[in-house]
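Undergrad: Fold the stuff below for me.
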Amino acid sequence: MGLLVAWEVSVRLAGVPSFILPPPSQIARRVVSDFSLLAEHFLVTLGEIVLGFVIALVSAFAFALAIFYSKTLERVFYPVIIFLQNMPLFAIAPLLKLWLGFTIWPKVTVAALIAFFPIVVNTVDGLRATDPDLIDLLKIFGASRRQILQKVQLPAALPFLFSGARVGITLSVVGAVIGEWVGAQAGLGYVMLRANATLKTDLVFAAIFALAGLGVLLFGLLTLLERWATPWRRFNITHGP
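TA: Predicted structure coming up:
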């Protein structure tokens, strides 16, 4: 709140033109006046983010299992995963638009690609974090590989998976907007481009704040989901002497 007050006062005292840096009060009025417009495009961007994130989550989990169980697949997949992570999204987004057209899929693909890496890396680390003595004990009692995975390794990996997912969902917001900047007919990124072209800087900021709020909302929902899926982490279990 103090930052917003300082922003408001500084802009007004300095006489900064609103098309360069609008005061927060003007941005708030724009949010109210164009709420229906922002809400419509908000839902478009939300759909792109959620779909891209789900694709990233499912594919990253499958890749993590493959890497965890096979050293050969790890040597094959890891360089590809690292290559994808370091690939400049602004460079491939125009190609995706060329290949997939003016559909939702270029935006979804960029959102999925940018979220994929943190999820797969964290999940692999989680699967490897299981106590090896516990696994040996289960093998002594005749547990199969599938039973060990379901009963021990997956629960141990869940906190790591959610950690990567929280990073991934925020990156998906960035990825979807990048896709919309390259080519879109709807979405908050599209609103930002159109508003910037007509010097409606207050609308640009309104879309930015909507995107920031969306990222915080999705991050919070994943945090709540993690608390539900890992109830044992809410309790501090101590052992007596």
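Undergrad: C-alpha only now, for contacts and for neighbours.
TA: OK.
Undergrad: so the residue nearest the centre of the chain, which of the three states?
TA: For the chain, the residue nearest the mean C-alpha position is Ile169 (1.6 Å; C-alpha atoms, centre = their mean). The local conformation at Ile169, judged by DSSP: H, G, I helix; E, B strand; the rest coil, is helix.
Undergrad: now do the one 5 residues further on
TA: In the three-state summary, Val174 is assigned as helix, counting by three-state DSSP.
Undergrad: if you skip the residues just before and after it, what's nearest to it?
TA: Nearest residue to Val174, sequence neighbours excluded (C-alpha to C-alpha, 6 or more residues apart in numbering): Ala111, at 7.3 Å.
Undergrad: From Arg146, how far out is the one you found?
TA: Distance of Ala111 to Arg146, given as C-alpha to C-alpha, to the nearest Å: 32 Å.
Undergrad: So for those two, which residue has more residues nearby?
TA: Per other C-alpha atoms under 10 Å, whichever of Ala111 and Arg146 has more neighbours is Ala111, with 33 against 10.
Undergrad: burial of His41, as a residue count?
TA: For His41, the neighbour count with other C-alpha under 10 Å is 19.
Undergrad: buried ones in the longest helix seen in the chain?
TA: Ranked by number of residues, the top helix in the chain under DSSP state H is helix 35-69. Judged by neighbour count (16 or more other C-alpha atoms under 10 Å), helix 35-69 contains these buried residues: 38-39, 41-42, 45-57, 60-61, 63-68.
Undergrad: now do stretch 188-202
TA: In stretch 188-202, counting by 16+ other C-alpha under 10 Å, buried: 188-193, 195-196, 200-202.
Undergrad: my guess is Val177 meets Leu188, correct?
TA: Yes - assessed by C-alpha atoms under 8 Å, Val177 is found in contact with Leu188 at 7.1 Å.
Undergrad: okay, now Ser70: neighbour count?
TA: When neighbours are counted by other C-alpha under 10 Å, Ser70 comes out with 11.
Undergrad: do Gly101 as well
TA: Using other C-alpha under 10 Å, Gly101 has 14 neighbouring residues.
Undergrad: Over to Arg30?
TA: So Arg30, with other C-alpha under 10 Å, has 19 neighbours.
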